[in-house]
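**Q** quick one, structure for this:
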Amino acid sequence: MTVKNYHFIAIGGAVMHQLALHLLNSGHHITGSDDAIFNPAYNNLSQHGILPNKMGWFPERIHSDLDAVILGMHAQKDNPELLKAQQLGVKIYSFPEFIYEHSKDKKRIVIAGSHGKTTTTSMIMHVLKSLGKDFDYLVGAQIEGFDYVVKTSNDAPFIIIEGDEYLTSPLDLRSKFLHYHPHIAVVTGIAWDHINVFPTFSEYIETFRKFFHLVKDKIFFYYQDEELKKLASEEGVQDIFPYYPLDTQLKNNMVSVVYQNQEFPIQIFGEHNMANMSAALHVCQELGVSSEDFFKQIYSFKGAAKRLELLYDNPNSNITIYKDFAHAPSKVRATVEAIRCRYPERKLILALELHTYSSLQKDFIIQYKNSLNLGNLACVYIDNEALKLKKKDAIEADWLKEQFGREDLYIPSSPEDIQVWIQNQIQNNTVILLMSSGHWGGLELKNLYSSIN
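**A** So this is what the prediction gives:
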């Protein structure tokens, strides 16, 4: 192996720092810079000795002995280190460009879509690893059994990539997934998101339209998604195949998949997860895995981090708490429906934090209409610090209730309010679902159930 010198601009990113750690572990020399780094990236970089000794941007860190600079989306076009690299003619990769460069001789499988792509990618990775297959990967969350969220190598014959539609870098405003040129692709669904870069739904659709035409061999798409069906018929793409949610049954509080007249127990639930599992099955079959082997291995899959993650379960009182990364309207609906179907008789308490740029945009919030109606009780929290960082005005409680279509919606003003409200509602036979891509204003989630007997 040829040892390379890589410098990361914006090394503290969730995936950027993981790539840095992977390359360091592979024997390369790694340096990096950022103006702010938070946990878990801070601790991870510190433990491996590559945490920048000072926060900020320092052009002197860029020199002609570097093999490449890897540029994160967090940096700006006028970043001093980026300007120095351009001046010296150092090779500059965006994250997706780097992944493609190290997989251009491999078979590439890309999982795209507005929702479900992390879980689908994780399922495929879990099954392949359980069967001893060698593969590279990129996924958007930490997966049990994998040291990093990204792996590149010289030997693996194919790579599984979670294809994000967000922008590539400050130098390249195309969607990340347009760089990967997959042989096989999955598109899980299309629901408007990232309105800061796709201000209209038609612009959001357009980036998926471009993605369709980059796929070399096969596309699997979720047939029950109306936008996907429309796009597939409009484009007339060859070798495009629909998939449907797998059938399930609930017996003695256990969920099983019913496939070809056989029952296979599983540990996850929800129609959206059964659609994800169906997509994962199709991909694994394309890679030579039999359906029987797939279902034998998928039983031990517990889900990706923060995706319907079980925080607490007391079988004596039937009090259960889940957290989920759901933040976009379609993700919130799918997650709430999954919990309600899994626990049809229990009291359901829903708590949602609006944290992303899109979810704090007043003309977008109407997209959440009725998304919390399956809960017996619901609250929506907005962190004032998030509003300040995104330069948004405060949102009135009554207006927010109208947008969500629930007059009884509780609007807490602090993390402590959330904790008190939830704890006052807890009783036997209760399920609590916490949905956020943020941090609940610093609320310690374990405090929600530490007092439960």
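**Q** what helices or strands is the helix or strand encompassing Tyr6 leaning on?
**A** In this assignment (DSSP states H and E), Tyr6 forms part of strand 5-9. For strand 5-9, the packing partners by 3 or more CB pairs under 8 Å, 6 or more residues apart in numbering; DSSP states H and E come out as helix 16-25, strand 29-33, strand 68-71, helix 80-88. C-beta coordinates here come from the backbone N, C-alpha and C atoms, glycine included.
**Q** do you know which of these lies nearest Ser414?
**A** Among these, the nearest to Ser414 by CB to CB is helix 16-25 (30.8 Å).
**Q** now that closest one against strand 5-9, angle please.
**A** Angle, helix 16-25 to strand 5-9, by axes from the mean of the first three to the mean of the last three CA atoms, to 10 degrees: 170 degrees.
**Q** picking that back up, okay, the angle between the strand holding Tyr6 and helix 80-88?
**A** Going by the same axes, to 10 degrees, strand 5-9 makes 130 degrees with helix 80-88.
**Q** mean neighbour count, the helices and strands packed on strand 5-9: which tops it?
**A** strand 68-71 (a mean of 23; mean count of other CB atoms under 10 Å).
**Q** who touches it?
**A** Under the criterion CB atoms under 8 Å, 6 or more residues apart in numbering, residues 4, 6-10, 16, 19-20, 62, 81-82, 85, 90-95, 98, 169-171 lie in contact with strand 68-71.
**Q** okay, now the sheet partners of it, with direction.
**A** strand 5-9 (parallel), strand 92-94 (parallel) (DSSP bridges).
**Q** got the buried residues for the helix or strand following the shortest one?
**A** It refers to strand 92-94. Sequence-wise, the next helix or strand downstream of strand 92-94 (DSSP H and E) is helix 95-101. Residues Phe95, Pro96, Glu97, Phe98, Ile99, Tyr100 are the ones in helix 95-101 that count as buried (16 or more other CB atoms under 10 Å).
**Q** the closest residue in space to the fifth one that isn't next to it in sequence: what's it in contact with?
**A** Spatial nearest neighbour of Ile99, excluding adjacent residues (CB to CB, 6 or more residues apart in numbering): Leu138 at 5.7 Å. Under the criterion of CB under 8 Å, 6+ apart, the contact partners of Leu138 comprise Val15, Ile99, Val149, Val150, Lys151, Ile159, Ile160, Ile161, Glu162.
**Q** any idea what Leu138 is bridged to?
**A** Val150, Ile161.
**Q** how near is it to Leu387?
**A** With the distance defined as CB to CB, to the nearest Å, Leu138 ends up 32 Å from Leu387.
**Q** break this structure down into its structural domains.
**A** According to automatic domain parsing, the chain comprises the domains 5-90, 99-298, 309-448.
**Q** chain center to the shortest one: distance?
**A** Think domain 5-90. 23 Å (CA atoms, centre = their mean, to the nearest Å).
**Q** in TSV: the helices and strands packed on strand 5-9, plus mean pLDDT and distance to Asn273.
**A** TSV is the format used below for the helices and strands packed on strand 5-9 (pLDDT from 0 to 100; distance: least, CB to CB, whole Å):
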stretch	mean pLDDT	distance to Asn273
helix 16-25	97	24
strand 29-33	98	36
strand 68-71	98	33
helix 80-88	97	40
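**Q** so which of those gets nearest Ile190?
**A** Set against Ile190 and scored by CB to CB, the helices and strands packed on strand 5-9 come closest in helix 16-25, at 26.6 Å.
**Q** and the helices and strands packed on strand 5-9 as JSON lines, adding distance to Tyr259?
**A** JSON lines is the format used below for those (distance: least, CB to CB, whole Å):
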{"stretch": "helix 16-25", "distance to Tyr259": "34"}
{"stretch": "strand 29-33", "distance to Tyr259": "45"}
{"stretch": "strand 68-71", "distance to Tyr259": "42"}
{"stretch": "helix 80-88", "distance to Tyr259": "50"}
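**Q** what's the closest of the ones you listed to Asn276?
**A** Closest among the helices and strands packed on strand 5-9, using CB to CB: helix 16-25, at 22.2 Å.
**Q** could you measure from Lys347 over to Lys323?
**A** Applying CB to CB to Lys347 and Lys323 gives a distance of 18 Å.
**Q** how about Arg346?
**A** Taking CB to CB, one finds Arg346 at 17 Å from Lys323.
**Q** so the two - more neighbours on which side?
**A** Legend: neighbour count by other CB atoms under 10 Å for Arg346 and Lys323, higher for Lys323 (22 against 18).
**Q** helices or strands next to the host helix or strand of that one in the packing?
**A** Assigned by DSSP H and E, Lys323 belongs to strand 319-324. Using 3+ CB pairs under 8 Å, 6+ apart, the elements in contact with strand 319-324 are strand 309-314, helix 329-342, strand 430-435.
**Q** between that strand and strand 309-314, how big is the angle?
**A** Going by the same axes, to 10 degrees, strand 319-324 makes 170 degrees with strand 309-314.
**Q** can I get strand 319-324 in CSV, CA atoms only?
**A** Taking C-alpha atoms only, strand 319-324 is exported to CSV below (Å, rounded to 0.1, in the frame of the first residue of the first chain):
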residue,chain,number,x,y,z
ILE,A,319,-43.9,1.3,29.5
THR,A,320,-41.7,1.6,26.4
ILE,A,321,-39.6,4.6,25.1
TYR,A,322,-38.2,4.9,21.6
LYS,A,323,-36.2,7.6,19.9
ASP,A,324,-35.9,8.2,16.2
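**Q** run through who's touching that strand.
**A** Defining contact as CB under 8 Å, 6+ apart, one finds that strand 319-324 is touched by 306-314, 331, 335, 339, 343, 346, 426, 428-436, 445, 448-449, 452.
**Q** circling back to that earlier point, and the contacts of Leu138 as TSV, adding pLDDT and distance to Ile268?
**A** Compiled in TSV, the contacts of Leu138 are given as follows (pLDDT from 0 to 100; distance: CB to CB, whole Å):
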residue	pLDDT	distance to Ile268
Val15	93	24
Ile99	97	27
Val149	95	20
Val150	97	23
Lys151	96	24
Ile159	98	24
Ile160	98	19
Ile161	98	22
Glu162	97	18
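**Q** including distance to Asn44, could those residues go into JSON lines?
**A** Formatted as JSON lines, the contacts of Leu138 follow (distance: CB to CB, whole Å):
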{"residue": "Val15", "distance to Asn44": "12"}
{"residue": "Ile99", "distance to Asn44": "20"}
{"residue": "Val149", "distance to Asn44": "11"}
{"residue": "Val150", "distance to Asn44": "13"}
{"residue": "Lys151", "distance to Asn44": "16"}
{"residue": "Ile159", "distance to Asn44": "23"}
{"residue": "Ile160", "distance to Asn44": "22"}
{"residue": "Ile161", "distance to Asn44": "22"}
{"residue": "Glu162", "distance to Asn44": "20"}
